[in-house]
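Enquirer: I would like to see how this sequence folds:
(chains A and B, ligands or ions: 2)
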Amino acid sequence: MSLTALSISLIFVLIPFILSKTFNLGLEKDTIIAVVRSIIQLFVVGYVLKFVFESESIVYILLMVGVMIAAATQNARKKGAAIKGITWKIAVTLIFIEVLTQAILLGFQITPHTAQYIIPISGMVVGNGMVLAILFLNRFIAETAAHQDQTELILSLGGTPKQAIHRQLIAAIKASMIPTIESQKTIGLVQLPGMMSGQIIAGASPIQAVQFQLLVLFLLLTAAAVTSIMLGFLSYPTLFNKQMQLMRR
Amino acid sequence: MKSAIQFNDVYYRIDNLPILKQITGSFYEGEITTLVGPSGAGKTTLLKLCNRLLSPQSGDIYINGKDIRDWDPIELRRNVGMALQSAPMIDGSVEQNLALPLELQGKHLSEHQAKDLLKDVGLSAELLQRNSKELSGGQRQKVSIARTLVNRPQILLLDEITSSLDQVSQKEIEELIIKINRKFGVTIVWITHNLQQAVDVGTYTWVMMAGEIIEAGKSDLLRSPSNDRVKQFVKGEWG
Ligand SMILES: Nc1ncnc2c1ncn2[C@@H]1O[C@H](COP(=O)(O)OP(=O)(O)O)[C@@H](O)[C@H]1O
Ligand SMILES: [Mg+2]
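Expert: Residues are numbered from 1 along each chain as shown, chains lettered A, B, ... in the order given. Ligands and ions are numbered 1, 2, ... in the order given. Purely as a prediction, here's the structure:
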């Protein structure tokens, strides 16, 4: 696609802008900000990727993945402010799923060990891990607050903190994983996955695009399960103190 | 008389706000002590100190003569059972709720044992498979007490378990408390907002107000209090 074509495509920005003005939606400013930010951010990423791909240096790959994990952690930690040390817990979880998935992909030579593969796949894994972390934390904090009396009951009967929080922990893990699983059940029926569409547009054969998309879906299942469970088991102990008491929040 | 639970100058604060002040006294072994006082006096907090769901910032608590800090929390909580005011139930049947204390130890509760427990608290064995959500207020409180008894505690802490119940259920629970005390020799500490109950069922009564014990002694004392604050409280309650 030429730069001229891209410029003309700004019509698609103009339409919502005019509509917002006509119907007094008051979204003009936000629309402009969103457009400007996405242009700058994506071009920066584009040039950075181009540079990293061409250099083929492991250092730059690690650096990029590191930045992804840092940004994802920064984003997700706000949801878990109530949990002590949540920042490093999220970071450790994301690092773990990144290392785990790449180890399998590269170890079994499923994907080539080039930046062209490692970086986009890492982006999807870490991005999905971040969404899962946010879903999990939201649900876990809500569950523990809503069922505090049950937690106290089990402690009072001589249960351990883990037993006391077990039901809420499992409920939150399950709830956070359901969207990932459900969305995969209907995938392709209504909407083609973004990555697959992109590959097809870029000229890949649909079958090859499907194969790659499937790989990513499987990866995301692992990312979802591991993120929720690992973050859950890292998080619940901070709700209790050494005397096996539920801490006040 | 032997103390089952002994407080020695206990203070409990939340964010520097005093909730319990200068608590000193004993709950005697094998006796029923009732705890009365206006809402917010600190009664529930005092009970939770006894099985270490909460810990005081200062002062000492002794359970069966042993410093509460030297007890393993789990062992302590099995010995000092507590029925919480809201009688929380886990999702599932009455049987699953009764089995919970043993399940936490990786043990199993037989159907026979479960039925005996229901009988002990005056409930029909038919309730065993009933969903805990479908219990009436009185049934729920009785199941909650039965569940606490599964651990065979030496000390039983009961928090306002009759507040939301009708007259008949209240009477039944009163009798149940006396029975548990007599039959199993369990030391009982019972919070109630019903003064008549406190005097009828208790041998000893503590009156609490604003985090302090303003009176402690034989329950009969409440019939003719000498302390002005107690007089005021009793007058309000008996009308
Ligand atoms: N988790 C808590 N956070 C803040 N204040 C609390 C908390 N729990 C209890 N309190 C306060 O402590 C005081 C005593 O509460 P409580 O022991 O429940 O009284 P009672 O059982 O006599 O009604 C009350 O003023 C209550 O507001
Ligand atoms: Mg209370």
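Enquirer: Now do the same for residue 197: helix, strand or coil?
Expert: Unless you meant another one, I'm taking chain A. Per DSSP: H, G, I helix; E, B strand; the rest coil, the secondary structure class of residue A:197 is helix.
Enquirer: ok, and the closest non-adjacent residue to the residue in chain A that ligand 1 sits nearest to?
Expert: Closest residue of chain A to ligand 1, C-beta to the nearest ligand atom: residue A:248 (5.3 Å). Where C-beta positions appear, they are placed from N, C-alpha and C, glycine not excepted. Once flanking residues are discounted, residue A:248 sits nearest to residue B:14: 7.2 Å by C-beta to C-beta, 6 or more residues apart in numbering or on different chains.
Enquirer: For residue B:57, see how far away that neighbour is.
Expert: To residue B:57, residue B:14 is 10 Å away according to C-beta to C-beta, to the nearest Å.
Enquirer: Run a quick neighbour tally on the residue nearest to residue A:248.
Expert: Residues contacting residue B:14 under the criterion other C-beta atoms under 10 Å in any protein chain shown number 12.
Enquirer: Tell me the buried residues in stretch A:101-108?
Expert: A:101-102, A:105 (16 or more other C-beta atoms under 10 Å in any protein chain shown).
Enquirer: From these, which land in helices?
Expert: Judged by DSSP state H, those include A:101-102, A:105 as members of helices.
Enquirer: With distance to residue B:30 and pLDDT as added columns, please give these in CSV.
Expert: Shown next, in CSV, are these (distance: C-beta to C-beta, whole Å; pLDDT from 0 to 100):
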residue, distance to residue B:30, pLDDT
A:101, 63, 96
A:102, 66, 96
A:105, 68, 95
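Enquirer: So which of the residues you listed reach chain B?
Expert: The subset of these within reach of chain B, by C-beta under 8 Å from any C-beta of the partner chain, is empty.
Enquirer: How about the residues of chain A by chain B?
Expert: Counting by C-beta under 8 Å from any C-beta, chain A comes close to chain B at A:149-150, A:152-160, A:163, A:167, A:243-246, A:248.
Enquirer: give me that answer again for 10 Å
Expert: Within chain A, the positions adjacent to chain B are A:147-161, A:163-164, A:167, A:241-246, A:248 by C-beta under 10 Å from any C-beta of the partner chain.
Enquirer: Tell me, how many residues neighbour residue 154?
Expert: Let's take chain A. When neighbours are counted by other C-beta under 10 Å, residue A:154 comes out with 24.
Enquirer: try again with chain B
Expert: Applying other C-beta under 10 Å, we find 18 residues neighbouring residue B:154.
Enquirer: can you check residue A:197 too?
Expert: The burial count for residue A:197: 13, using other C-beta under 10 Å.
Enquirer: ok, it touching residue A:210?
Expert: No: Residue A:197 is beyond contact range of residue A:210, at 11.5 Å (criterion: C-beta atoms under 10 Å).
Enquirer: helix or strand right after the helix or strand encompassing residue B:5?
Expert: Applying DSSP states H and E as the criterion places residue B:5 in strand B:3-14. As assigned by DSSP H and E, the chain's next helix or strand after strand B:3-14 is strand B:17-28.
Enquirer: Do any residues in that next one lie close to ligand 1?
Expert: Yes: using C-beta under 6 Å from any ligand atom, strand B:17-28 reaches ligand 1 at residue B:19.
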